[in-house]
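> Quick one, what's the 3D model for this:
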Amino acid sequence: MGLLRGEEARRVGVDRDGYVVTDVLIIPGTVSDPVSATVRNDLVPNDFRAVGSIHSHPNGVLRPSDADLDTFGSGRVHIIIGSPYGPDDWEAFDQSGEVRDLDVLDVDLPDPESFFDFTQDDIDAELDR
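Okay, here's the model as predicted:
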């Protein structure tokens with residue numbers, strides 16, 4: 001389970017209205033089995049830049065369950081990814097569980113050597129922002 005963090009599109013140099021998902025924050029302590037997952041609410045960051053959530057359905061069903069809908073209350077977009085986890089094996093939903101459009105933007109990623117050069121202190125500082 002993860003939170004989607006976003007920024008206003010124009011603030012990150014994208015010439016469109018709305019928000020751009022910029023980060024996925026993985027929620028630690030999630031316990032899962034083949035049919036469900038339990039998230040420890042005390043470990044969910046209180047992040048004012050969260051714009052939604054993301055989680056997987058290993059069975060490949062790309063529809064929100066009743067339990068999913070209970071978690072969709074906050075956030076603009078909720079993504080479900082499913083087996084076999086290919087480029088098209090995901091769907092985006094709004095707060096009520098209706099399918100919504102979500103454009104995928106092609107961006108240049110940073111150099112992996114520098115991108116993955118961080119410490120736990122860096123992570124903690126980012127979460128405190």
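
> Show me the residue at the heart of the chain, geometrically.
residue 4 (3.3 Å; C-alpha atoms, centre = their mean).

> In which helix or strand does the residue lying farthest from the centre of the chain reside?
What lies farthest from the middle of the chain is residue 113; by C-alpha atoms, centre = their mean that is 23.6 Å. For residue 113, the element it lies in under DSSP states H and E is helix 112-115.

> Now the element after that helix, going C-ward?
Next element after helix 112-115 (DSSP H and E): helix 120-128.

> Residues contacting stretch 110-126, please?
The contact list for stretch 110-126 (C-beta atoms under 8 Å, 6 or more residues apart in numbering) reads residue 109. Where C-beta positions appear, they are placed from N, C-alpha and C, glycine not excepted.

> Just the mean pLDDT for that stretch, thanks.
Mean per-residue pLDDT for stretch 110-126: 83.

> gap between the two ends of it?
End-to-end span of stretch 110-126 (C-alpha to C-alpha, to the nearest Å): 18 Å.

> same question, stretch 35-44
21 Å.

> Stretch 112-122 now?
16 Å.

> could you pull out the strands for the chain?
Assigned by DSSP state E, the chain shows strands spanning 2-8, 19-26, 31-32, 37-38, 50-57, 77-82, 90-93.

> Dump those to a markdown table, plus distance to residue 124.
Putting these into a markdown table (distance: least, C-beta to C-beta, whole Å) gives the following:
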| stretch | distance to residue 124 |
| --- | --- |
| strand 2-8 | 15 |
| strand 19-26 | 12 |
| strand 31-32 | 23 |
| strand 37-38 | 24 |
| strand 50-57 | 17 |
| strand 77-82 | 26 |
| strand 90-93 | 30 |
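
> Mean pLDDT lowest where, among these?
Sorting these by mean pLDDT places strand 37-38 lowest, at a mean of 78.
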